[in-house]
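Undergrad: Everything below, folded, please.
(one chain, ligands or ions: 1)
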Amino acid sequence: MTEIKQVLMPDIGDSKDVPIIDIMVKAGDAVKAEQSLLTLETDKATMDVPAPFDGVVKNVSVKVGDKISEGALILLMETSTAETSAVISPTTTPAPAKEATNPIAATPVTAPAATPIVAPTGFQSSPTGKAHASPSIRHFARELGIDLTRVKGSGEKGRITKNDVQSFVKAGLAQPQDGSGGGGLQISAMPVVDFSRFGAIETKPLSRIKKLSGANLHRNWVSIPHITQHDEADITEMEVFRKELGEEYSKQGIKITPLAFLLKAVVTAMQQYPNFNSSLDASGENLVLKKYFHIGVAVDTPDGLMVPVLRDVDQKGMAQLAKELGEISTKAREKKLPATAMQGGCFTISSLGGIGGTAFTPIINAPEVAILGVSRASIKPVFKEGEFVPRLMLPLSLSYDHRVIDGAEAVHFTSYLGKVLSDVRRLVL
Ligand code: CAO
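TA: Okay, here's the model as predicted:
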């Protein structure tokens, strides 16, 4: 059996004529007990008035801007008798424990004269903060992960309504999600800190390169779902061979570092796993697979990081690559590289092996889909054929775009790379 009941304004202490600043329900809405019905604003705080029981709103008797006091009719609710019979008595019978925390009184329409007041302990109130919003709206925003200071309020005195939050979310979702930008990310601003409060400081402008690369790195970091796969390659034999080659080529002024081998090995792995030589197109729905193999190499310069590109690595020999590597890194450090030398890369290698480290998480150089970080090789005991033997192990850190590459494929890639580097004869296959 159903019954129409009144929901009346409860006792809210000394406050009278309290303005309604938001109404969260309308006729026809099914509401649950404790769900916020409307928000009031006193001089000191905003507070939500929750529903006393489950039901369906039949008619809302107030509107935003109305000023109400204790006992005023807020709305009528249809409710099942069984469900609410214990909620309130039309007489002065105390409410059961569950409803005792509910500030809202309800009486059957047939007995409106009853005094159904319960103590207002269930009010959720909060001081009026920077973002002008009621507790229910703050709760709603929190659930959605929205920073309310970024939402413009359209309500009275700039108050943020539920509609405002919903519009904010919709606007965010409507922004392009094609990987070309960080659309839709709701990131709160960094705090502005006056460091001089804590000690002596000096302020230096960032270099032009750092500003440019910083913006790209930030975009790539936040807009590409990165995973980094770590692995090790046994380069014991490769090093022996490299040293032999090194002696031979040093007479021609060419320095053969492990990077030349890595360039060739990476290309071999990309040929085996073509997804690593791809980019997402502008729509984000197609993969563009490349048939050329241009590899970028991160070069540390006094002004910041630069990534010149070595062309057609698949068609060049190790000595040629080592020579070009020397040339482009020198030019990069002398700021003599044209912008075109930094374009067209398919994959990047970032080698910190000459400096140190055991592993790191390189940031993908979009629109590429993967980058290989290389740390310093070291001799480690490796268990082989029943005994530990000293082997020179090279740490590899492969970051990949998880939209394009799956974890299993990434491990196949690094394992394959390891296999090639541990037996460089495979490079000629
Ligand atoms: N393990 C052990 N030794 C290594 C090594 C490794 N993984 N990689 C290089 N080395 C050795 C080289 O063999 C060389 O030794 P010798 O001088 O005894 O012959 C020495 O380290 C220095 O090598 P290098 O750095 O001059 O040459 P490279 O080909 O390895 O690297 C370049 C060239 C341009 C990539 C490098 O100089 C550079 O700038 N690296 C920094 C890249 C960077 O900053 N990446 C970070 C990006 S994320 O912020």
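
Undergrad: Would you map out the domains in the protein?
TA: 3-89, 224-428 (automatic domain parsing).

Undergrad: Could you say which one of these comes nearest to the ligand?
TA: With respect to the ligand, and counting by Cβ to the nearest ligand atom, the nearest of the domains of the chain is domain 224-428 at 2.0 Å. All C-beta atoms are positioned from the backbone trio N, CA, C, and that covers glycine.

Undergrad: do the closest one and the ligand meet?
TA: Yes - residues of domain 224-428 are located near the ligand by Cβ under 6 Å from any ligand atom, namely 257-259, 297-300, 305, 325, 329, 350-354, 362, 374, 376-377, 394.

Undergrad: ranking the domains of the chain by mean pLDDT, which is last?
TA: If you rank the domains of the chain by mean pLDDT, domain 3-89 sits at the bottom with a mean of 82.

Undergrad: Can you give the distance of that one from its chain's centre?
TA: Offset of domain 3-89 from its chain centre (Cα atoms, centre = their mean, to the nearest Å): 38 Å.

Undergrad: that older thread, may I see the domains of the chain arranged in a markdown table, with mean neighbour count as well?
TA: Formatted as a markdown table, the domains of the chain follow (neighbours: other Cβ atoms under 10 Å):
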| stretch | mean neighbour count |
| --- | --- |
| domain 3-89 | 18 |
| domain 224-428 | 17 |
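
Undergrad: can those domains go into CSV with extra columns for distance to Lys170?
TA: Below are the domains of the chain laid out as CSV (distance: least, Cβ to Cβ, whole Å):
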stretch, distance to Lys170
domain 3-89, 18
domain 224-428, 20
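
Undergrad: what about the longest strand in this protein?
TA: strand 387-401 (DSSP state E).

Undergrad: just to revisit the earlier point, okay, and which of the residues of domain 224-428 next to the ligand map to strands?
TA: Short answer: the residues of domain 224-428 next to the ligand in strands (DSSP E) are Val297, Val299, Asp300, Leu305, Ser350, Ser351, Val374, Leu394.

Undergrad: Pull the most distant pair out of those residues.
TA: Leu305 and Leu394 (21.6 Å; Cβ to Cβ).

Undergrad: hang on, the earlier thing: which helices and strands sit right next to the longest strand of the chain?
TA: In terms of contacts (3 or more Cβ pairs under 8 Å, 6 or more residues apart in numbering; DSSP states H and E), strand 387-401 is packed against strand 226-234, helix 236-250, strand 370-374, strand 378-384, helix 407-422.

Undergrad: do you know how far the nearest residue to Gly345 once chain neighbours are set aside is from Leu144?
TA: Distances taken as Cβ to Cβ, 6 or more residues apart in numbering place Gly296 nearest to Gly345, at 3.6 Å, with adjacent residues excluded. Taking Cβ to Cβ, to the nearest Å as the measure, Gly296 falls 39 Å from Leu144.

Undergrad: Now do the helices in this protein.
TA: Using DSSP state H, the helices of the chain run over residues 81-84, 97-100, 135-144, 162-174, 208-223, 236-250, 258-272, 318-333, 407-422.

Undergrad: Same list, these, but as JSON lines with distance to Ala189 please.
TA: Listed next are these as JSON lines, based on distance: least, Cβ to Cβ, whole Å:
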{"stretch": "helix 81-84", "distance to Ala189": "47"}
{"stretch": "helix 97-100", "distance to Ala189": "43"}
{"stretch": "helix 135-144", "distance to Ala189": "16"}
{"stretch": "helix 162-174", "distance to Ala189": "16"}
{"stretch": "helix 208-223", "distance to Ala189": "14"}
{"stretch": "helix 236-250", "distance to Ala189": "49"}
{"stretch": "helix 258-272", "distance to Ala189": "39"}
{"stretch": "helix 318-333", "distance to Ala189": "34"}
{"stretch": "helix 407-422", "distance to Ala189": "34"}
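
Undergrad: Go through those helices and name the closest to Leu37.
TA: The nearest among the helices of the chain, by Cβ to Cβ, is helix 135-144 at 9.2 Å.

Undergrad: Please save the CA atoms from that closest one in PDB.
TA: Extracted in PDB, the C-alpha atoms of helix 135-144 (Å, rounded to 0.1, in the frame of the first residue of the first chain):
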ATOM      1  CA  PRO A 135      28.100  19.600   0.700                       C
ATOM      2  CA  SER A 136      26.100  17.400  -1.700                       C
ATOM      3  CA  ILE A 137      27.700  19.100  -4.700                       C
ATOM      4  CA  ARG A 138      31.100  18.700  -3.100                       C
ATOM      5  CA  HIS A 139      30.400  15.100  -2.600                       C
ATOM      6  CA  PHE A 140      29.200  14.700  -6.100                       C
ATOM      7  CA  ALA A 141      32.300  16.400  -7.500                       C
ATOM      8  CA  ARG A 142      34.500  14.300  -5.300                       C
ATOM      9  CA  GLU A 143      33.000  11.100  -6.600                       C
ATOM     10  CA  LEU A 144      33.800  12.300 -10.200                       C
END
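
Undergrad: tell me what that helix is packed against?
TA: Short answer (3+ Cβ pairs under 8 Å, 6+ apart): helix 135-144 packs on strand 36-41, strand 45-50, strand 124-127, helix 162-174.

Undergrad: a markdown table please, covering those and showing distance to Ala27.
TA: Compiled in a markdown table, the helices and strands packed on helix 135-144 are given as follows (distance: least, Cβ to Cβ, whole Å):
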| stretch | distance to Ala27 |
| --- | --- |
| strand 36-41 | 12 |
| strand 45-50 | 17 |
| strand 124-127 | 24 |
| helix 162-174 | 17 |
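
Undergrad: average pLDDT across stretch 154-165?
TA: pLDDT averaged over stretch 154-165 gives 82.

Undergrad: tell me which residues in it are buried?
TA: Residues of stretch 154-165 classed as buried: Gly155, Arg159, Ile160, Thr161, Lys162, Asp164, Val165 (neighbour count, 16 or more other Cβ atoms under 10 Å).

Undergrad: Give me the distance from that stretch to the chain's centre.
TA: On Cα atoms, centre = their mean, the centre of stretch 154-165 falls 27 Å from that of its chain.

Undergrad: what residue is smack in the middle of the chain?
TA: Val222 (6.2 Å; Cα atoms, centre = their mean).
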